[in-house]
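Asker: the following comprises the amino acid sequence and a computationally predicted model.
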Amino acid sequence: NAGVTQTPKFRVLKTGQSMTLLCAQDMNHEYMYWYRQDPGMGLRLIHYSVGEGTTAKGEVPDGYNVSRLKKQNFLLGLESAAPSQTSVYFCASSYSGAQETQYFGPGTRLLVL
Amino acid sequence: AQKITQTQPGMFVQEKEAVTLDCTYDTSDPSYGLFWYKQPSSGEMIFLIYQGSYDQQNATEGRYSLNFQKARKSANLVISASQLGDSAMYFCAMREGTFGNEKLTFGTGTRLTIIP
């Protein structure tokens, strides 16, 4: 039982490049989330999904897209990376949205030059 | 307005002492949940404790307890008998919203350092 895993752990991009971050969970959770963590700002929700095939915008969705084609996977895409997207990205999942703890992945550190 | 406010950016506490980390929140939802997470220097987010808005008693999990004062909208984390391994960033978070549209909002965190 690996819990929540994220790929890659670290990535350096040039401005304008694209990439996809992969989140996988093996706990059969319905809900999945993508956050970014910036110094002094806590975690902010980018996008989330309440089930396979569904996605919704969070607090800071601009510049990102997501897909949830399979229940266990939640992909975060950057189509044209910008230096402002330099951050640590965390994926999380929970069994349902209500009263449930979110379990976090180890994070992906992204540097955009 | 900030939904979650953590007013202590950093704290230093002597080992074995108790420590209280402050958290105040702002919501108009009658149903909400409050969480505390620990983030050690290795970076992962570790769930510590949860309090539901309708829970009558304060939540406890081992050395962690949540001092929930609903009227004051505060949800302070209390760590008893602190240990060196408690040194980390601590985040307070609030879940609000209706089913299918629930979101978790995090505070900016408190960096706790335990001194031997």
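Answerer: Yep, that arrived.
Asker: can we go C-alpha only for contacts and neighbour counts from here?
Answerer: Noted.
Asker: pairing partners for the lowest-mean-pLDDT helix or strand in chain B, with directions?
Answerer: Taking mean pLDDT, DSSP states H and E as the measure, strand B:103-106 is the helix or strand of chain B with the lowest mean score, a mean of 85. Paired with strand B:103-106 in the same sheet, following DSSP bridges, are strand B:88-96 (antiparallel).
Asker: now the residue in chain B that chain A sits nearest to, what are its backbone angles?
Answerer: Nearest residue of chain B to chain A: B:Thr108, at 4.1 Å (CA to the nearest CA). When read as degrees, to the nearest 10, the backbone of B:Thr108 gives phi -80, psi -10.
Asker: residues in contact with it?
Answerer: A:40-43, B:5-6, B:9, B:91 (CA atoms under 8 Å, 6 or more residues apart in numbering or on different chains).
Asker: report the separation between the spatially most central residue of chain A and A:Phe74.
Answerer: Nearest residue to the geometric centre of chain A (CA atoms, centre = their mean): A:Trp34, 2.9 Å. The spacing between A:Trp34 and A:Phe74, counted by CA to CA, to the nearest Å, is 8 Å.
Asker: and what of A:Gly51?
Answerer: 10 Å.
Asker: A:Arg11 pairs with what?
Answerer: A:Leu110.
Asker: residue contacts, it?
Answerer: With CA under 8 Å, 6+ apart, A:Arg11 has these contacts: A:108-111.
Asker: remind me which residues of chain B are low pLDDT?
Answerer: Scanning chain B for pLDDT under 70 picks out B:1, B:99-100.
Asker: for it, which segments count as strands?
Answerer: Ranges of strands in chain B, per DSSP state E, are B:4-5, B:10-14, B:19-21, B:24-25, B:33-39, B:46-52, B:60-61, B:64-69, B:74-79, B:88-96, B:103-106, B:110-115.
Asker: next, format those as TSV and append mean neighbour count and distance to A:Glu79.
Answerer: Shown next, in TSV, are these (neighbours: other CA atoms under 10 Å in any protein chain shown; distance: least, CA to CA, whole Å):
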stretch	mean neighbour count	distance to A:Glu79
strand B:4-5	22	31
strand B:10-14	14	37
strand B:19-21	20	39
strand B:24-25	21	35
strand B:33-39	23	29
strand B:46-52	20	30
strand B:60-61	14	42
strand B:64-69	20	42
strand B:74-79	21	39
strand B:88-96	25	30
strand B:103-106	22	25
strand B:110-115	19	34
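Asker: that'll do, ta.
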